[in-house]
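Trainee: What follows is a protein structure lacking sequence information:
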């Protein structure tokens with residue numbers, strides 16, 4: 001166990017600090033304890049022991065090196081200060097569980113021990129795998145060795161997981177992504193059938209992973225989950241239970257942002273205008289004030305009937321960021337009935353350096369953003385399978401926001417008249 005804390009007991013202290021007392025309790029139960037006592041005011045590194053607890057007292061600048069030097073089973077973070085964001089980043093990339101230790105519940109040794117279990121002890125053990133799954137989850141995965149296990153384990157804890165099909169779409173990864181996918185495929189195989197299936201393909205980007213997922217999916221419903229995100233166990237279990245008898249074309253659920261620099265999840269409710277478990281017609285709620293408040297169905301919140309997606313017969317751009325917006329446009333073409341469940345399932349991880357939604361990511365991938373924006377405009381103008389209301393929805397909820405952001409990228413981030421004029425020319429064409 002590693003504890004990272006901005007304050008701790010000094011070497012020659014005559015009185016035990018409460019944190020030290022709690023760690024001694026862990027040590028008595030057989031756990032090895034390492035403390036990194038670190039903050040920006042510490043200038044000289046020191047090493048000392050308090051009973052069986054090893055302490056490194058050092059400046060914050062040395063923390064990443066310490067983390068990368070050894071594999072820990074669990075990391076306790078005794079602060080929610082933003083200066084520790086990079087700590088969580090580093091440990092997350094090593095697929096090490098991180099527990100915020102500044103709450104009473106999280107200090108319980110049973111709670112901590114539950115985070116150190118082996119995969120076979122974490123996921124449900126099944127005696128059968130469904131021939132006709134109710135849900136296919138596609139996980140587009142590129143160099144995802146540090147996050148994929150957490151993602152997969154979150155989907156394999158439900159008593160109804162045997163009714164699902166999980167496709168790990170390995171997008172030409174150069175790390176252990178395929179190895180992890182194969183391991184979980186073997187772990188979830190019963191009588192020659194598996195819940196998790198590893199799909200290897202040449203690198204084509206996130207959109208190509210979704211394309212492959214739709215192509216190979218066998219479930220009644222279809223959902224995309226990014227490899228660095230995960231699903232919350234209890235509400236996911238409840239969703240699977242409901243999908244057994246469900247027949248609506250589109251199911252909406254809520255999400256929370258898991259921010260690396262904050263202790264608590266940030267719950268987002270985009271569908272508060274919709275009454276839970278009431279059947280709506282998409283055309284009735286996609287425009288006007290009585291339906292979607294801001295966003296309609298999005299990749300983290302939407303579970304589609306697979307037949308509707310296959311009938312739409314679309315292909316997302318390959319090797320292009322922001323293609324989820326194109327997915328959001330095409331996926332609704334044959335959607336009629338919609339139901340919202342009051343379940344906060346999806347955990348959207350924010351904090352990976354260089355994410356495409358960050359300012360740096362926008363500048364780096366501005367051409368991708370422009371291409372997707374132009375494609376959305378083409379869909380509005382040329383896609384004759386859209387109803388009038390759906391066309392207005394794609395224009396106002398998907399296309400115009402992308403246009404505004406593209407102007408922001410060109411004029412505010414780049415401050416480039418040339419890029420602005422190039423985009424203007426493409427718009428007029």
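Mentor: Ah, there it is. All figures in this text were calculated on a predicted structure; none of them were measured in a lab.

Trainee: Which neighbouring elements make contact with the strand or helix carrying residue 137?
Mentor: Residue 137 belongs to strand 135-141 when assigned by DSSP states H and E. Packing partners of strand 135-141 (3 or more CB pairs under 8 Å, 6 or more residues apart in numbering; DSSP states H and E): helix 148-155, strand 164-171, helix 206-216, strand 221-224. Quick note: C-beta positions are derived from backbone N, CA and C, even for glycine.

Trainee: Point out where the stretch 51-200 of the chain drops to low pLDDT.
Mentor: Within the stretch 51-200 of the chain, the segments meeting pLDDT under 70 span 80-83, 85-95, 105.

Trainee: Do a quick rundown of the helices in it.
Mentor: Using DSSP state H, counting those that start in this stretch, the helices of the stretch 51-200 of the chain run over 63-68, 85-93, 109-113, 119-122, 148-155, 177-187.

Trainee: For the fifth one, name the packing helices and strands.
Mentor: Using 3+ CB pairs under 8 Å, 6+ apart as the contact criterion, the neighbours of helix 148-155 among helices and strands are helix 119-122, strand 135-141, strand 164-171, helix 177-187, strand 230-231, helix 233-243.

Trainee: how far does the fifth one sit from the chain's center?
Mentor: Taking the mean of its C-alpha atoms, strand 230-231 sits 6 Å from the chain's own mean (CA atoms, centre = their mean, to the nearest Å).

Trainee: so what's residue 164 up against?
Mentor: Going by CB atoms under 8 Å, 6 or more residues apart in numbering, residue 164 touches 130, 133, 134, 135, 136, 137, 155, 195, 219, 240.

Trainee: Dihedrals phi and psi, the third one?
Mentor: Meaning residue 134. Phi and psi for residue 134, reported as degrees, to the nearest 10, are phi -80, psi -20.

Trainee: With residue 74 instead?
Mentor: phi -160, psi 150.

Trainee: Let me see the contact set for it.
Mentor: With CB under 8 Å, 6+ apart, residue 74 has these contacts: 1, 2, 96, 97, 98, 99, 112, 115, 116.

Trainee: cutoff 6 Å now
Mentor: 1, 97, 112, 115, 116 (CB atoms under 6 Å, 6 or more residues apart in numbering).

Trainee: what residues does the longest helix along the chain touch?
Mentor: What stands out as the longest helix in the chain, according to DSSP state H, is helix 366-382. With contact meaning CB under 6 Å, 6+ apart, helix 366-382 is reached by 320-322, 325-326, 329, 394-395, 398-399, 402-403, 406, 409, 423, 426.

Trainee: if we can go back for a sec, how about the helices and strands packed on helix 148-155, which one is nearest residue 202?
Mentor: Checking these against residue 202 by CB to CB gives strand 164-171 as the closest, at 8.0 Å.

Trainee: So what's the gap between that closest one and the chain middle?
Mentor: For strand 164-171, the separation from the chain centroid amounts to 15 Å (computed by CA atoms, centre = their mean).

Trainee: For the contacts of residue 74, pick the one with the most neighbours.
Mentor: residue 1 (23 neighbours; other CB atoms under 10 Å).

Trainee: what's residue 122 in contact with, if anything?
Mentor: Contacts for residue 122 (CB under 6 Å, 6+ apart) come out as residue 153.

Trainee: distance of it from residue 232?
Mentor: When CB to CB, to the nearest Å is the yardstick, residue 122 and residue 232 sit 15 Å from each other.

Trainee: Same check on residue 151?
Mentor: On the measure of CB to CB, residue 151 and residue 232 end up 12 Å apart.

Trainee: before we move on, what about residue 169?
Mentor: In terms of CB to CB, residue 169 sits 22 Å off from residue 232.

Trainee: ok, and what's touching the strand or helix carrying residue 21?
Mentor: Per DSSP H and E: residue 21 is located in helix 18-28. Applying CB under 6 Å, 6+ apart, the contact partners of helix 18-28 are 9, 33, 50, 52, 53, 107, 109.
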